[in-house]
Structure formats: structure tokens, C-alpha cells
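Trainee: Here you go, sequence then predicted model.
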Amino acid sequence: MQTRSPALPVSVRPSACPGLLRIVASADGGICRIKLPGGRLDATQARAIAAAAERHADGVLEATNRANLQIRGVRAGAEAVLSAALLDAGLGPRQAAADDVRNLLLSPAAGLDPDTPLDTWPLAERLLDLLQDTPRFHALSAKFALHLDGGEGLAMLEHPHDIWLAAMSAEAAPLFAFGLAGCPPRQAEEAPALAAVPMAQVPALVEALLDLFLTLAGDGQTRMRQLLAEHSADTLLQRLQQRLAFPLRRERAVTDWRRRDVPAFAHLGSQPQRQPGLCRVGAAFVLGRLDSHLLRALAALAERHGDGSLRLTPWQSVLLPNVAAAEAPAVLDALRQLGLATRAEEPLARLIACSGSSGCARGLADTKGDALRLAARLGASTALPGLHLCGCPRSCAAAHVAPLTLLAVADGRYHLYRRAPAQPGFGQLLARDLTLDAAGDLLCGPGALPDA
Ligand code: SF4
């Protein structure tokens, strides 16, 4: 875990994104985002976060879709002392300017997955060091994000990233394919990898790519997709190759490569690890929310049954690694008692909702309250795919387009969309201005939705 620099100033550049040192105001108080390297934290840090949330805020926490935690309701005037408490717990960057750039997603099952001998964590640490220790990279947007995929059976493959890197085979040191402004391809029709490099060259590749991005990005171009709108991928690859001392591999095996698919809801329940006799146990927070008491209880569970560590996931859930297989049922039971969802059949495992009008001035409806009411109505329906209740088009709760979206248009009223790859935004508009009851009627039962 990272440690606090004693000389760290509590000042950062302006941005709309919350950070550990930049508490952003919201309707329910300030938001402080704690970036967890690889989504990981230990029980001591979890308790430090819980204590800070109680002392300097209302004790309300949120799991984000980038596997981070944020404290909500930070009291006015308590911002600096809250940040200092979190830095003391080893949760901050090495220097203030590096907080925003610690955006690297990896599988919560990295190092645990039975299907691959690769543990991406050492490579992830090198990339996080590169991002933090290179002052030039501190100019990257707080939203600029990387994905390092080790080929695990638990992976978020729907969130587009500015740079994605993916192991091409189940070996200890595979080739890594990479692409820009997207996701590793799984289907033949999806955009292929641009090129690949041996694992040992990944840090040099990322360094050159980031430097190239910053060199070429013009005014207002903060994300890779904006750069690609002006420069073709081939042009970028040529410029990239000129900066590298090794060849980019672009043979057919690279462009034909497709990532193996992953089962849905693999973040829930207990799954065997590659370490004999051990399991990872996962459960989802209800609508991404938790509080300081729940975080403390999770820390105690991790110490009692696991190795004292927790891993946050991009599904707004938590995973306890290294639990003895014989103890997994007791851990799952404890998680259920704490109010977490542990099975895909539970409607709340299939719903996400942003803060909505109860926590955000932009919210047109109480999305969290409406999601709870909808979940009670839906019952145990496996027919319902993922559903996102969104308070406005900014879509803060999901970095990807959900299979179904209810977009608020007024208090208690929503447009319903179905994901359609060929259509931008939330997809195909199925119904307008629905009450919650009308939305429930449409969503309940097989065949209730109109055909695509
Ligand atoms: S999606 Fe809109 S309403 Fe919901 S939290 Fe984001 S800005 Fe607020």
C-alpha cells in the first residue's frame, strides 16, 4: 500500500471530479473519492475510512464503478482534516498532483483466478508507479483511465478505457494486446487489437503511449477518443513505433485475437481460487451504498475468515479473497445478514442507480428510492437483465451502457431505453415518460418488453 509523503501539500488542480485531496460539493455535502490501487484495501485502512467518514461526514460511503470508495456528506470546513486522516492511513498518492492519475483497472480476481497463472498485480504496481512518478503524466485528465486485463474469468469487459491492455494467452508471461478508447474485443465484429508487445515491454509501451497522447492532444482533447477523431489509429501506431526500441507486433494472430468471454455475475457468491482449498467470496452493495458500520463489519469478516484484505470491484461490490473453502458458506451467510446481495437472482444484484435527486442537484428523480421500490416489485426475476436508473444523462453510476436504462425526465417519471450497439447514448427508446408503476409493468415478466 502507498504511504504518505510528509511534505504532501493539500492542494490540487481544479477539476469537477472528486479526489482524496479535492472534496467536491454535492447536494448532500462534499464527496471525497479514495482511489484504491487495484481496488484493494486492508482491514486497518477500511477502519480508518470508516472512522474518517463518521468524524468528518455522515458515515455514508459509496462503492464506485471504478472499484474505488467515496465518502459522501463531508462537512463544510472538515475537508482538509479528512484528507489528512486518509493520507495518514496510506490511502493517498505520493504527491498531490498524482492523485487524479491513479486510474488503472484490473480484475478483482488478479492472482486468484484458477484459469491463468498470471498475476497482474506486480505489473499494475509498476504502471501505477509510472503514472505517479512521472510529473508530465499528472497533466492527464482525472477521467483518463487504463485497463490491465490478465485474462481472468472475472473481468469488467464493458467499460471503455483510454488504453486497454490484455493478456493474449494463459501463460505466466504472455503477449499483451492493446487498443485505444475501447475494450478488449470478444466478438469477430468488434474492433481488433491494434498491436501487441511482450509483457516485459508493457511499461515502456504505456510510457510512450501516454507521452504521445500528451504531445498530440490539442485544446479540449482530454480523452483518447477525442485524439482518435483527429488522428487515425494507424497514424498513432506509426508515431508510437518511432518512440519505441522494440517492434510492435501486428501479425494476424494479434489482429485475429479475441478475448474469451466471462460469465455474468461472477462477482457474486463463492468461487474457487487457483490456490488449493481457498475461495474468493463476493457480494454487491445495495445500489452501491454502504456505511461506516458495514465497512467495519467487512474488515472484521476479512480478518476472521480471509487474509484481512478486501477488494472493491467495478460492479460496486466487494470480494473477500483467500477464504478457506469450508468457511465460504458462513461468510456468504454473514454477507447476507449485512444486507449485501450474494446471488444473481436477487433483483438488487441487477439494479444500479446514481445518487439521484436525494444527493445530486442535477437529479430529476429519486433514483435510489425508486430503484428500491422497483426491486420490491420485481421480485426474484432472472428474466430481467441489468437495469440502470439514471437521474440525468450524465450517467455517473455506469461507465458502460446497461442492457436497460430508465432515464429520469421528472420526479418519478422515466424514459425506458434498451441497449442497441448501433445506436448512441442509452440505445433504443422503448417508452416515454413512464411512471414507476408503468415501468414495473413493462419490466415484469417474460415477453413484457416490446421487441427490439
Ligand atoms: S447521473 Fe446526473 S443525477 Fe445522477 S449523480 Fe450523475 S449528475 Fe447527478
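Mentor: That came in fine, so what should we check first?
Trainee: Which residue would be the closest one in this protein to the ligand?
Mentor: In the chain, the residue that lies nearest the ligand is Gly391 (2.7 Å; Cβ to the nearest ligand atom). (C-beta placed from N, C-alpha, C; glycine too.)
Trainee: Neighbours of that residue, how many?
Mentor: Gly391 has 28 neighbouring residues, counting by other Cβ atoms under 10 Å.
Trainee: start the count at 41, not 1, going forward
Mentor: Done: numbering now begins at 41, and the last item shifts to Gly431.
Trainee: contacting residues around it?
Mentor: Counting by Cβ atoms under 8 Å, 6 or more residues apart in numbering, Gly431 touches Cys394, Ser395, Gly396, Ser397, Cys400, Arg402, Gly403, Leu404, Ala405, Thr407, Ala448.
Trainee: go with 10 Å
Mentor: Counting by Cβ atoms under 10 Å, 6 or more residues apart in numbering, Gly431 touches 393-408, 410, 437, 447-448, 454.
Trainee: what's the closest non-adjacent residue to it?
Mentor: Distances taken as Cβ to Cβ, 6 or more residues apart in numbering put Gly403 closest to Gly431, at 3.4 Å, once the chain neighbours are dropped.
Trainee: Please give the element, helix or strand, for the one you found.
Mentor: According to DSSP states H and E, Gly403 maps onto no helix or strand at all.
Trainee: again, but for Leu126
Mentor: Using DSSP H and E, Leu126 maps to helix 119-128.
Trainee: so is the residue nearest the centre of the chain in a helix, a strand, or just coil?
Mentor: The centre of the chain sits closest to Arg106, judged by Cα atoms, centre = their mean, with a distance of 2.0 Å. Secondary structure assignment for Arg106 (DSSP: H, G, I helix; E, B strand; the rest coil): coil.
Trainee: With the one 4 residues further on instead?
Mentor: With three-state DSSP as the basis, the three-state label of Gln110 is strand.
Trainee: just to revisit the earlier point, which helix or strand lies directly C-terminal to the helix holding Leu126?
Mentor: In N-to-C order, the element after helix 119-128 by DSSP H and E is strand 144-146.
Trainee: Output the contacting helices and strands for that next one.
Mentor: Judged by 3 or more Cβ pairs under 10 Å, 6 or more residues apart in numbering; DSSP states H and E, strand 144-146 is in contact with helix 161-173, strand 186-189, strand 201-207.
Trainee: Could you measure from Glu211 over to Gly191?
Mentor: Glu211 sits 9 Å away from Gly191, going by Cβ to Cβ, to the nearest Å.
Trainee: if you count what's nearby, which of these two comes out ahead?
Mentor: Gly191 (23 against 13).
Trainee: who touches that one in this structure?
Mentor: For Gly191, the contacting residues are 147, 153, 155-156, 158, 160, 206-211, 214, 216, 224, 299-300, 302, by Cβ under 10 Å, 6+ apart.
Trainee: so what pLDDT did the residue of the chain closest to the ligand get?
Mentor: Gly431 is assigned 97 on the pLDDT scale.
Trainee: re the thing from before, where does the residue nearest to Gly431 fall, phi/psi-wise?
Mentor: Dihedral angles of Gly403 (phi, psi; degrees, to the nearest 10) stand at phi -70, psi 130.
Trainee: where along the stretch 241-390 of the chain do the strands fall?
Mentor: With DSSP state E, counting those that start in this stretch as the criterion, the stretch 241-390 of the chain has strands at 309-312, 318-324, 329-331, 349-352, 357-364.
Trainee: which of those sits most buried?
Mentor: Sort these by mean neighbour count, taking mean count of other Cβ atoms under 10 Å, and strand 318-324 sits at the top with a mean of 26.
Trainee: which helices and strands sit right next to that one?
Mentor: Secondary elements touching strand 318-324 (3+ Cβ pairs under 10 Å, 6+ apart): strand 309-312, helix 332-345, strand 357-364, helix 368-377.
Trainee: With distance to Leu482 added, can I get these in JSON lines?
Mentor: Formatted as JSON lines, the helices and strands packed on strand 318-324 follow (distance: least, Cβ to Cβ, whole Å):
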{"stretch": "strand 309-312", "distance to Leu482": "29"}
{"stretch": "helix 332-345", "distance to Leu482": "33"}
{"stretch": "strand 357-364", "distance to Leu482": "27"}
{"stretch": "helix 368-377", "distance to Leu482": "30"}
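Trainee: With respect to Arg95, which of the ones you listed lies nearest?
Mentor: Proximity to Arg95 (Cβ to Cβ) singles out helix 332-345 among these, at 9.5 Å.
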